[in-house]
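> Requesting a structural model of the entry that follows:
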Amino acid sequence: MGNGEARVRGLAARAGGWSARHRWAAVGIWVLFVVLAMGLGSAAGRVDVKDSDQLKGETHTAARIIEDAGIDEPAGETVLIQARVGELKATDTEFRDAVTAVVRAVEGTGRVTDVTSPYDTKTISKDGRSALVQFDMRGEADTAGERVEPVLKAVEGVQEDHASLRIEEIGGASMMKTFDDAFGDDFKKAEYSAVPVALGILLIAFGALVAALVPVALAVTAIMATMGLMGVVSHVMPMSDTANSVMLLVGMAVGVDYCLFYLRREREEREAGHDAQTALRIAAATSGRAIVVSGVTVCVAMAGMLFTGLAEFEAMGLASLMVVAVAMVGSVTVLPALLSLLGERVEKGRIPFLRRRKPGGSQDSRFWTAVLRRVLARPVIAVAVAAGALLAITAPALGMKTQQFTLDQEFGDSLPIVQTYNRLNEAFPGGSEPAEVVVKADDINAPEVKSALADFRDRAISSGASRGPVEIKLHDAQNVAFVYVPLVGGSDQDKAGESLDKLRDEVRPATLGRVDGVEAPITGQIAGSKDFNDQLAGAVVPVFAFVVVFAFALMLLSFRSLTIALTSIVLNLLSVGAAYGILVAVFQHGWGASLVGAEGVGAIITWLPLFLFVILFGLSMDYHVFVVSRIREARLRGLETKDAIRHGVVTTAGVVTSAAVIMVAVFAIFGTLSMQSMKQMGVGLAAAVLIDATIIRGVLLPAVMALLGERNWYLPKWLHRLPDLTHDEAPRAVVAGSAARDDEGEPVRV
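This is a model prediction of the structure:
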């Protein structure tokens, strides 16, 4: 069979072959798909996750009651008035004048309602040196940050007239504005910089502008199409801004990676002397197959987030799954068509100082050739050293502490409003984030309900859960009451959690719980954090089990080797464990925290461990499938297992390194953000990918496979009936009689 006539089989090979033969049709279909997806998404609009759907438990019940009652809770604001030094007290004339001035100033803006004086609400600290003026912003709470600036300026004006007092505003609207001003552009720059960073690295990797632009263009179009699909799908499963950001990160990473794998293999085959048509066929049957296996595995991993029961996680999982699927399809369909259309023009725009490899030249990496020589010579030592190092890095993760971040943990002291938050919590423990009891009754003004509300207020303080003041706000028309309870413990989540438990387990059953027909779920920041943790803890085992079992099954079917499937899972778990260990060491214990600006955090954000597991378990399969596929291909051509390992690792080292550098660079961008939760995500992802592409794929994988030898391809006879998904072979693969054989003369099954 001639070089250009070899027949290959399999989904990826057939898709690549069809696209190369019908290149204009393939490109046209892709463009039409992207345009239609964007158009449909724009027409449908995006439905975002509602507050009532964010969590289960009491937080969900409270949000449902508020939503069903049609109550739009306004954004509440507080002005802290505090003596700076000396014996000035709230009872002094100067202090009273300042309070009066604040009330007049905020009312004069016309942007607020329900302004209350601390002398009426008793919001004066125990030492008498601090007092709170409270009010609500007019209009919708979600957009209050856009209208709060005149109020902030009015408060600043009062501050200028009272130098002996500290007069500062804090609340939902002011925090919203502060964060938008400080970090809104931060996020946009991080998202937008991902493209030029990836392009720059690809320019170095390929040495040609056109070759570098192709993966970026396909990744960007895949992201654009997915954004449109998210709008359509959101009418079934609501989406969110967080899901959008995660989708962009994952889409850029896998989109560029998949195209990089395919394009580098096509160039390699052409430089080895094959004609363009044959080079494309080989790339389709080898890298194309690896992309499909990897893409399906990543999709399965992302689908694990759908089992959490948390709306935000479900949105992130579905958005990530869609962008991976779109990028995978684009890489095995439109990419071959583009390469067929471009031909030698893919080398246009060469960078002068980057030397082009000559046709037939070695593609092997000198560095990894040297590493592999030592690893394969002493595989036992390599496994012991590499595995021991990774386990040592993983060790700190055993003491991982997770929690929802308070304002000062999330932003440190970088913003003035954080200092206000700390001063407010010191003077009024729990006052900045009170528990909110949403009371629903058939008649909120019934004597027994009013008595229970009053009793609840008294017992909340007498039980030690709160030091007061406990505020009750009635909505007579809806038969709903809001009870605001500052929790003892304030910003200390552990102590505030104990106070919350007292309210839920002791105070409520003894008061509101005794009135028939009354619902009284307790929500708020501390309650939301606790409900989130409880639900997340219940989701860990199902998600882990789903991802691991299905990833194992996919690797088993794709390589028809029980050994490969098992080692894949173990190596990926080691990679994830090492990422956990680095996170705990840096952000919880503070080892090297100053290098990334993470001093004093002391914990890991609650949602990150499960999120990282799913993302990393999926993404790490990229490199694993790509390298093992190349080893398997070499084994099919008759090489001994050790030689096949050496060939597979060193010939993929360049593309794996380039792909890893892109991923690390993109993720590291998020590690530079000021929000500690985003910083943790970026550092965790970047560290894990770096470990995965070096220690795991460059040392542990070849060492383990060298130790296993022919047992790498072991499949028990009782599993031979499994579907055979290993038939995507390169045109130059096994011919009759040339298959590798074991010591007994039997063909080796790979």
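> which residues of the stretch 601-750 of the chain fall in strands?
With DSSP state E, counting those that start in this stretch as the criterion, the stretch 601-750 of the chain has strands at 604-605.
> repeat for the stretch 301-450 of the chain
According to DSSP E, counting those that start in this stretch, the strands that the stretch 301-450 of the chain contains are 402-403, 435-440.
> can you tell me which of those the model trusts least?
Looking at the strands of the stretch 301-450 of the chain, the lowest mean pLDDT belongs to strand 402-403 (a mean of 82).
> Show me what that one is packed against.
Judged by 3 or more CB pairs under 8 Å, 6 or more residues apart in numbering; DSSP states H and E, the packing partners of strand 402-403 are helix 525-559, strand 604-605. Where C-beta positions appear, they are placed from N, C-alpha and C, glycine not excepted.
> Return the list of strands paired to the last one, each annotated with direction.
Counting by DSSP bridges, the strands paired with strand 604-605 are strand 402-403 (parallel).
> which residues sit against the partner strand?
By CB atoms under 8 Å, 6 or more residues apart in numbering, the residues outside strand 402-403 that reach it are 493, 529, 533, 603-606, 608-609.
> Could you rerun that using 7 Å?
493, 529, 603-604, 606, 609 (CB atoms under 7 Å, 6 or more residues apart in numbering).
> try stretch 61-69
Applying CB under 7 Å, 6+ apart, the contact partners of stretch 61-69 are 51-52, 73, 438, 440, 475, 478, 480, 519, 521, 523.
> Let's test this: mean pLDDT of it, rounded?
The pLDDT scores in stretch 61-69 average 86.
> in that stretch, what's buried?
Residues of stretch 61-69 classed as buried under the neighbour-count rule (16 or more other CB atoms under 10 Å) are 61-66.
> Which parts of the stretch 1-150 of the chain are helices?
The residue ranges that make up the helices of the stretch 1-150 of the chain, judged by DSSP state H, counting those that start in this stretch, are 11-21, 23-44, 51-54, 57-69, 93-108, 118-121, 149-161.
> Compare those and give me the one nearest residue 541.
Across these, the minimum distance to residue 541, taken as CB to CB, is reached by helix 57-69, at 18.3 Å.
> Just want the angle from the closest one to strand 435-440.
Here helix 57-69 runs at 50 degrees with respect to strand 435-440, directions being taken by axes from the mean of the first three to the mean of the last three CA atoms, to 10 degrees.
> can you give me the angle helix 57-69 makes with helix 525-559?
Computed by the same axes, to 10 degrees, the angle between helix 57-69 and helix 525-559 is 110 degrees.
> quick check, nearest of the contacts of stretch 61-69 to residue 706?
Out of the contacts of stretch 61-69, the one with the shortest distance to residue 706 is residue 51. That distance is 54.7 Å, counting by CB to CB.
> Now do the contacts for the nearest residue to residue 572 once chain neighbours are set aside.
Spatially, and ignoring its direct neighbours in sequence, residue 572 is nearest to residue 620 (4.9 Å; CB to CB, 6 or more residues apart in numbering). Taking CB under 7 Å, 6+ apart, we find residue 620 in contact with 572, 575, 692.
> how close does residue 569 sit to residue 556?
Distance of residue 569 to residue 556, given as CB to CB, to the nearest Å: 10 Å.
> And these two? Which one has more around it.
residue 556 (20 against 17; other CB atoms under 10 Å).
> nearest spatial neighbour of the more buried one, skipping sequence neighbours?
Taking CB to CB, 6+ apart, and ignoring the residues beside it in sequence, residue 556 has residue 565 as its nearest neighbour in space, at 4.1 Å.
> Return the list of helices and strands in contact with the helix or strand containing the one you found.
Residue 565 belongs to helix 562-583 when elements are defined using DSSP states H and E. The criterion is 3 or more CB pairs under 7 Å, 6 or more residues apart in numbering; DSSP states H and E, and the helices and strands that helix 562-583 contacts are helix 379-394, helix 525-559, helix 608-636, helix 676-691, helix 701-708.
> Go ahead and name everything in contact with the shortest one.
When contacts are taken as CB under 7 Å, 6+ apart, the neighbours of helix 701-708 outside the stretch itself are 372, 375-376, 379-380, 382-383, 386, 563, 567, 571, 627, 642, 645, 649, 712.
> So of those residues, which two are at opposite extremes in space?
Spatial extent of the contacts of helix 701-708 (CB to CB) is set by the pair 380 and 627 at 20.8 Å.
> more crowded one of those two?
In terms of neighbours (other CB under 10 Å), residue 627 is the more surrounded of residue 380 and residue 627; the figures are 26 against 10.
> Now for residue 171: which residues touch it?
The contact partners of residue 171, taken as CB under 7 Å, 6+ apart, are 75-78.
> picking up where we left off before, I'd like the contacts of strand 402-403 written out as CSV, with neighbour count, pLDDT and distance to residue 702 added.
Formatted as CSV, the contacts of strand 402-403 follow (neighbours: other CB atoms under 10 Å; pLDDT from 0 to 100; distance: CB to CB, whole Å):
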residue, neighbour count, pLDDT, distance to residue 702
493, 22, 74, 45
529, 22, 81, 44
603, 19, 87, 37
604, 25, 90, 32
606, 18, 84, 37
609, 21, 89, 29
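> Dump those into CSV; add distance to residue 547 as well.
Compiled in CSV, these are given as follows (distance: CB to CB, whole Å):
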residue, distance to residue 547
493, 29
529, 25
603, 25
604, 20
606, 19
609, 13
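> So, low pLDDT: which residues of the protein?
Scanning the chain for pLDDT under 70 picks out 1-10, 51-55, 182-191, 353-365, 414, 431-432, 491, 724-750.
> Distance check, the residue lying closest to residue 150 once chain neighbours are set aside against residue 178.
Nearest-residue entry for residue 150: residue 109, 4.6 Å, with adjacent residues in sequence omitted and distances by CB to CB, 6+ apart. According to CB to CB, residue 109 stands 18 Å off from residue 178.
> Look at the two and report which has more neighbours.
Neighbour totals were compared for residue 109 and residue 178, and residue 178 leads with 20 against 17 (other CB under 10 Å).
> coming back round to it: report the separation between the residue nearest to residue 572 and residue 252.
Taken as CB to CB, the spacing of residue 620 relative to residue 252 amounts to 17 Å.
> just residue 167 next, same as before
Applying CB to CB, one obtains 46 Å for the distance of residue 167 from residue 252.
> between these two, who's got more neighbours?
residue 252 (27 against 23).
> got the angle for the helix or strand where that one lies vs helix 608-636?
Here residue 252 is covered by helix 241-271, with elements defined by DSSP H and E. Using the same axes, to 10 degrees, the interaxial angle of helix 241-271 with respect to helix 608-636 works out to 20 degrees.
> immediately after helix 241-271, which helix or strand?
Counting by DSSP H and E, the next helix or strand C-terminal to helix 241-271 is helix 276-285.
> Work out the gap between that next one and the centre of the chain.
Between the centre of helix 276-285 and the centre of its host chain there is 35 Å, according to CA atoms, centre = their mean, to the nearest Å.
> Also stretch 457-475?
Relative to the chain's own centre, stretch 457-475 is displaced by 38 Å; criterion: CA atoms, centre = their mean.
> Now that stretch: buried residues?
Burial within stretch 457-475, assessed by neighbour count using 16+ other CB under 10 Å, is assigned to 457, 459-461, 465-472, 474-475.
> and if you look at stretch 305-323?
In stretch 305-323, the ones that count as buried by 16+ other CB under 10 Å are 305-308, 310-323.
> cool, stretch 419-433 as well?
Neighbour-count burial for stretch 419-433, with 16+ other CB under 10 Å as criterion, is recorded at 420-425, 427-433.
> Stretch 235-245 now?
Buried residues in stretch 235-245, counted by 16+ other CB under 10 Å: 237-240, 243-245.
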